[in-house]
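Engineer: model this:
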Amino acid sequence: MVLRKAGTAAAAAGVVAVGFIGLVTVATYAASGAPQQSANRATLSPGTVPAAYQGPIQQWGSLCPEISPPMLAAQLYQESGFDPGARSPVGAQGMAQFMPATWGTYGTDGNNDGKKDVWDPLDAIASAATFDCALADDVAKVPGDRQANLLAAYNAGPYAVTKYGGIPPYKETQGYVKNIQAMARSFTAPTAPVAVSQQSAGAIYFAQTKLGTPYLWGGEGLPSQNGRFDCSGLTQAAYASVGITLPRVANDQWYAGQHPSRDQLRPGDLVFWATDLGDPRTIHHVGIYVGGGYMINAPHTGAVIRYDKIDSKEYIGATRVTSDGAEALPVRNTDGSITGPSRPGTPDSTAPSAPAAPANQAAPAPPSALGAPGSAATRRAVAAGPSPTGAGQNAAKS
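Structural biologist: The predicted structure follows:
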């Protein structure tokens, strides 16, 4: 991807001057034509889910009307980053982070091998959907958005949702509902043009001011680093300059918005590369698209930030960053583990009795058996799991 001639670099700069003004300064990119698919029928956006899990998530994400494949994918990513071996400090296990007692009630044999194995990703996917739909039944009589009520029950417990007649007034729960629904949009295949980011022009401007800066692996532009960047450090800083906080590593930045197709790219989109195009966990590089097939790129040690072409065999796709999409992403710790969403506190002693279990489902285990804190005791406990890449935070830097 090296631009070897000054003339090529000049041509790229010309692309920026024309494409940037002509495409980015449009106030909005109007969605036209066909309506979006209904939530339950929505399909997964290519490249957002590891190929081995795409079919099962699509299948089980349609188990009941309140869930969808993108919503189920968003939950699994929030829980573990699609890591089937994730184990939290409080004992939550597997890709869907079930506590053992809750697994005993809702564990499902998703691959029909005669076993219900919390460490088997296909069983975990099926069980997560089964649990979601059981919660949906528990709060079915509560007015309002049924998916939002289900997600609130997942976070705070069905009793809190019933008590408050909808999403309870807990900051943690309100944030969880908003974040999962926002993240689900990143997993949804667009059926209409994706709206242009209002902040993209400022992000490109910042990145342009860094052209010619020497690359530094792990660089975040700090004074102690002489203002140098690596690829994801540059994209993080570019969007921070316009008030959007992106995660530090490239394979998390991938989920910060919807995914336009190659022919729908617009300046300001983040563009990504992966060693395995069927597994987004292998994303290792990111740049900022500027138009005409070019990006601003912090490529590798020994090079400088420059314009490069985006077309190469490891190109997996692009993300159109949004504030809501970035805010919804889970926090990754310095060791690469994901910090699960926070939960409300102690349950109210006046909470209603447990609803009747759905047909052919066992009654939920008592709160004391589930290990999750407070009124979230009827759900899977979520805490930090290992890095999706297995190599810590720096695995997605380049």
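Engineer: Next, the contact list for the residue lying closest to L63 once chain neighbours are set aside, please.
Structural biologist: Nearest non-adjacent residue to L63, counting by C-beta to C-beta, 6 or more residues apart in numbering: A129, 4.5 Å away. Where C-beta positions appear, they are placed from N, C-alpha and C, glycine not excepted. By C-beta atoms under 8 Å, 6 or more residues apart in numbering, A129 lies in contact with 60-61, 63-64, 67, 72.
Engineer: And the strands in the stretch 251-398 of the chain?
Structural biologist: Along the stretch 251-398 of the chain, the stretches classed as strands by DSSP state E, counting those that start in this stretch are 257-258, 270-274, 283-291, 294-297, 306-309, 315-321, 331-332, 338-339.
Engineer: how about these, which one is nearest A153?
Structural biologist: Among the strands of the stretch 251-398 of the chain, the nearest to A153 by C-beta to C-beta is strand 338-339 (21.8 Å).
Engineer: Can I get the contacts of A129 in a markdown table including neighbour count and secondary structure?
Structural biologist: Formatted as a markdown table, those follow (neighbours: other C-beta atoms under 10 Å; DSSP: H, G, I helix; E, B strand; the rest coil):
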| residue | neighbour count | secondary structure |
| --- | --- | --- |
| W60 | 22 | helix |
| G61 | 29 | coil |
| L63 | 18 | coil |
| C64 | 20 | coil |
| I67 | 26 | coil |
| L72 | 28 | helix |
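Engineer: re the thing from before, relative to Y159, which of the strands of the stretch 251-398 of the chain is closest?
Structural biologist: Short answer: strand 338-339, nearest of those by C-beta to C-beta, at 25.6 Å.
Engineer: picking that back up, save the strands of the stretch 251-398 of the chain as TSV, and put in distance to P169 and mean neighbour count too.
Structural biologist: Converted to TSV, these look like this (distance: least, C-beta to C-beta, whole Å; neighbours: other C-beta atoms under 10 Å):
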stretch	distance to P169	mean neighbour count
strand 257-258	29	24
strand 270-274	35	25
strand 283-291	38	26
strand 294-297	44	26
strand 306-309	49	20
strand 315-321	30	24
strand 331-332	24	18
strand 338-339	23	20
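Engineer: Point to the helix or strand of the chain where mean pLDDT is at its lowest.
Structural biologist: Lowest by mean pLDDT, DSSP states H and E among the helices and strands of the chain is helix 367-370, with a mean of 26.
Engineer: Run through the stretch 1-150 of the chain and note the low-pLDDT ranges.
Structural biologist: Applying pLDDT under 70 to the stretch 1-150 of the chain flags the ranges 1-40.
Engineer: so where do the helices sit in it?
Structural biologist: All helices of the stretch 1-150 of the chain, identified by DSSP state H, counting those that start in this stretch, fall at 6-19, 51-60, 69-80, 100-106, 121-138, 146-156.
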